[in-house]
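Q: Next input, structure requested:
(one chain, ligands or ions: 2)
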Amino acid sequence: MSSSPDITKTFIQGIPKAELHIHIEGSLEPELMFEIAERNGVSLPYSSVEEARRAYNFSDLQSFLDIYYQSMQVLLHEQDFYDLTRAYLQRVSSQNVRHVEIFFDPQAHTDRGVPFETVITGIHRALEDGERQLSVSSKLIMCFLRHLSAESAMETLRSSLPFREWIVGVGLDSSEVGHPPEDFKAVFDEAREHGFLTVAHAGEEGSPEYIWQALDDLKVSRIDHGVRCVEDPKLVERLREERIPLTVCPLSNVKLRVFGSIEDHNLKQMLDLGLCATMNSDDPAYFGGYMDENFHATQEGLHLTRGDIHRLVKNSFQASFLDAERKQLLSDELDEYFASHA
Ligand code: ADE
Ligand code: ZN
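A: Numbers count the residues shown, from 1 in each chain. Ligands and ions are numbered 1, 2, ... in the order given. Sure thing, here's the model as predicted:
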């Protein structure tokens, strides 16, 4: 199936966009992984970049997470986190991404002896440089690993407080099934007391019940993924009525076999239900693409219209944690782009 004639790759590239669901560790391309491994004297389980890419063949979320946590072990020094973040920003700025909200997984580093400060300082410095040099604005969201305990999450929250002003919100990620949002209620209560906004992965592999818990127990502003919400009409009604944004990641869902193919994905259905769905890449180094590749594959697979694409991008500006002024500026820029490419 070819792209509709007026929605070319060039058209998609030029759209001013925002990304709200990207794990910075999931943007570690094999080339950079090898470079950092070499300078840090870390050995990898692959003999080449090609062999690493061949291993990126997943059967579910856990099979991906096993490789994801292993690969990030090359990251040891502040400069490694800087280089990782810088490479992502350079890549997305070439796709005209104007704003990003980046997840990071501190426990995946502190648990192997890398200090919290090392991780966040490297990421933060790259985000500041990205804003100045690449005109990509950004926010940072700290995720708790839900396969670890609530006590570990609480400890992580407390160790983040000296860097409070660098972090806009907290999230919940890693192995979903068997680790319900309600287990983290006390941590999220304390995070909100410190002024953090909250988001959570829910309804990626887990049931709609996990989305209810994320809303009611964790008081989230957005749901990450949330594609299983369509199984529960009452939940769809709630998400639509309250305009709760869903950060959908189509290529990720296909790679992790949430859907059998891009043609089977329910993003178009979510839009047609009036949900505030947005387009995102999740872990682009592992799932076959960044923002433009997600737009392109989904447009082709689901026959998205220009109106659908305009809606998806507008939703992401509105759903972002930006102030009202920059939201409006980016939204106006988007409308002008579509008007001038009619
Ligand atoms: N961590 C990185 N990517 C993830 C995903 N897709 N789901 C849950 N945790 C993650
Ligand atoms: Zn994710």
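Q: so Glu336, which of the three states?
A: Secondary structure, DSSP: H, G, I helix; E, B strand; the rest coil: Glu336 is helix.
Q: State the pLDDT value of it.
A: pLDDT for Glu336: 98.
Q: again, but for Pro5
A: For Pro5, the model assigns a pLDDT of 72.
Q: same question, the one 10 residues further on
A: On the pLDDT scale, Ile15 is placed at 98.
Q: Just give me the neighbour total for it.
A: 22 (other C-beta atoms under 10 Å). (Glycine included, C-beta is placed from N, CA and C.)
Q: Likewise for Lys185?
A: Neighbour count of Lys185, defined by other C-beta under 10 Å: 16.
Q: Now do the contacts for it.
A: Contact partners of Lys185, counting by C-beta atoms under 8 Å, 6 or more residues apart in numbering, are Asp217, Leu218.
Q: Ligand 1 versus that one, what's the distance?
A: Distance, Lys185 to ligand 1, using C-beta to the nearest ligand atom, to the nearest Å: 19 Å.
Q: measure the closest residue to ligand 1 within the chain to Ser261 for me?
A: Residue nearest to ligand 1 within the chain: Asp173 (3.6 Å; C-beta to the nearest ligand atom). Going from Asp173 to Ser261 by C-beta to C-beta, to the nearest Å gives 25 Å.
Q: Can you classify His147 by secondary structure?
A: Following three-state DSSP, we place His147 in the coil state.
Q: correct me, but it touches Val177?
A: No. Using C-beta atoms under 8 Å, His147 makes no contact with Val177, being 10.4 Å away.
Q: More neighbours: those two, which one.
A: His147 (16 against 13).
Q: about what we covered before: neighbour count for Asp173 and Ser261, which is higher?
A: The neighbour comparison of Asp173 against Ser261 (other C-beta under 10 Å) goes to Asp173, with 26 against 9.
Q: With adjacent residues omitted, what lies nearest to the more buried one?
A: Distances taken as C-beta to C-beta, 6 or more residues apart in numbering place Cys143 nearest to Asp173, at 4.4 Å, with adjacent residues excluded.
Q: How about Asp232?
A: Nearest residue to Asp232, sequence neighbours excluded (C-beta to C-beta, 6+ apart): Pro208, at 3.9 Å.
Q: ok now do that neighbour, which residues does it touch?
A: By C-beta under 8 Å, 6+ apart, the contact set of Pro208 is Arg228, Cys229, Glu231, Asp232, Leu235.
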